[in-house]
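Undergrad: For reference, the sequence and a predicted model appear below.
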Amino acid sequence: MSLTWFIAHRLYDGGNRTRKASRTAILIATAGVALGIAVMILSVSVALGFKREVQQKIIGIGNHIVVQNFQSSFSDDYRPVAITDSLVSVIESIPDVTHVQRFCMKSGMLKTNESFQGVAFRGIDENYDLRFLRSVLVDGTIDEPFSGSESSGRLVISQRLARQLHLSVGDKVYAYFFEETLRARSFKVQAIYATNLSEYDNRLVFCDYYTCHQLLRFESDQSSGAEVSVSDMDHLSLVSEAIAKRINHKQDNYGQNYTSPTIKELYPHIFAWLDLLDLNVVIILALMIAVACFTTVSGLLIIILERTQFIGIMKALGSTNKRLRHIFIYFAMLIVGRGMLVGNLLGIAFCLIQNKFGLIHLDASTYYVDAVPVDLSWTWILFINIVTFFIATLALVLPSFLVSRILPARSIRFE
């Protein structure tokens, strides 16, 4: 252990010999650093949690990329397009594509004795990935996959629609479809889901692919589109470009052109909102680092002024200005280190508690989640600690030069 580090440690851990003002300054500086670290960890964890939860919900229902008829981009209705086995094979051969599933969409109306509601029926078959839909169920179960070759009369609706129509699992409900003639179908509610995304919960219901396909009167190889899953969200643009090169603006057997918008293009307002979270986090990080540096520098200045007599004695004994500056920089680094330790413990503990118990609740209709989500990233935590320690240490260099201006002859008599 070097002499400068030993002296700094003795000054920091002086116990009852430490003056009251110094103890207060040390406490305030430590609290400032701890508060800054804790708030930074919370801010990053909450922002990552929000992005993770919202993205998972949007992608869980809508998937990463949708292959559809080009005319569907300019219409509220999905136009038919051929989704053949060969087309699916071409898409699946693209790197990072994990799954392809076809679907049909049909507008209609659900009616009960108490109320009625316009909805969008999504027809899904046995190839549809039900993991996300099962994870957001609030009532009922989906034990068997939906069928692409027959109608089972099963229906999965959202919790909002269930409340509006006064429906429960097992209830019977009639659906009406308006075309040249009124067509009706009978369904039984099998399960109720809740994503808290109004774009889906206000209108989307799930039924057999066969039912929707028959109502739409498509050809056997036609669908409303196909959803493509990607292994990593970071690879979305690369996969989208690869799909676009292979199928976009090409015609199917019925003269219809393909297009493949990504989930970000279909819901730009939601992803723009998520991008704003990154800006908010940057602002919070900058402010909290500034707070940590300000409190530490202020504390160091108070301590240097209180230790004027000590500085004079050290200079009289032959200590150089450089060594004294190092002593007080090490002293302040001990304050920063302890503050960072406390801040990490507080921030991580709160994140774990919130993740486990969800103590802080939110309005799901506004924020898409019913509790503050947190996603602890050890990479981000390490980054926050390294940057804070580095910037705080640099900020301490300037006030340490105050030591050079203290004269031994006067400082020894200083009280």
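TA: Now that the structure is in, tell me what you want to look at.
Undergrad: State the distance from the closest residue to Phe218 other than its chain neighbours to Phe74.
TA: Spatial nearest neighbour of Phe218, chain neighbours left out: Pro80 (5.0 Å); criterion: CB to CB, 6 or more residues apart in numbering. The way it works is simple: take the backbone N, C-alpha and C, and place the C-beta from them, glycine included. Between Pro80 and Phe74 the computed distance is 15 Å (CB to CB, to the nearest Å).
Undergrad: returning to what we had before: list the contacts for the residue nearest to Phe218?
TA: Pro80 makes contact with 69, 216, 218-219, 222-224, 254, 256 under the criterion CB atoms under 8 Å, 6 or more residues apart in numbering.
Undergrad: what's the neighbour count on Ile329?
TA: Ile329 sits with 19 neighbouring residues when counted by other CB atoms under 10 Å.
Undergrad: One more: Ile247?
TA: For Ile247, using other CB under 10 Å, the count is 17.
Undergrad: pLDDT score assigned to it?
TA: Ile247 is assigned 90 on the pLDDT scale.
Undergrad: How about the one 10 residues further on?
TA: Asn257 carries a pLDDT value of 93.
Undergrad: cool, and the one 3 residues further on?
TA: Predicted confidence (pLDDT) at Ser260: the value is 93.
Undergrad: Touching, it and Val67? I think so.
TA: Yes. At 4.9 Å, Ser260 and Val67 qualify as touching, with contact defined as CB atoms under 8 Å.
Undergrad: joint contacts of the two?
TA: Taking CB under 8 Å, 6+ apart as the contact rule, the neighbours common to Ser260 and Val67 are 228, 243, 247.
Undergrad: Gly49: neighbour count?
TA: 21.
Undergrad: Once you drop chain neighbours, what's closest to it?
TA: Pro373 (3.3 Å).
Undergrad: Likewise for Asp252?
TA: Nearest non-adjacent residue to Asp252, counting by CB to CB, 6+ apart: Ala82, 3.6 Å away.
Undergrad: And Gly140, by the same measure?
TA: According to CB to CB, 6+ apart, the nearest residue to Gly140 is Ala191 (3.2 Å).
Undergrad: helix/strand/coil for that neighbour?
TA: Each residue gets one of three states, and Ala191 gets strand by DSSP: H, G, I helix; E, B strand; the rest coil.
Undergrad: what's the answer for Leu334, then?
TA: helix.
Undergrad: Show me the strands in this protein, by range?
TA: 65-69, 81-82, 97-111, 116-124, 137-140, 154-158, 172-178, 182-193, 204-208, 222-223, 225-230, 258-259 (DSSP state E).
Undergrad: thinking again about what came up before, just give me the closest of the shared contacts of Ser260 and Val67 to Leu352.
TA: Nearest to Leu352 among these: Val228, at 35.6 Å, using CB to CB.
Undergrad: one step back: quick check: the residue nearest to Gly140 vs Gln309, distance?
TA: Ala191 is 77 Å from Gln309, by CB to CB.
Undergrad: more neighbours, those two?
TA: Per other CB under 10 Å, whichever of Ala191 and Gln309 has more neighbours is Ala191, with 20 against 16.
Undergrad: I'd like the distance between that one and Ile157.
TA: Distance from Ala191 to Ile157, by CB to CB: 8 Å.
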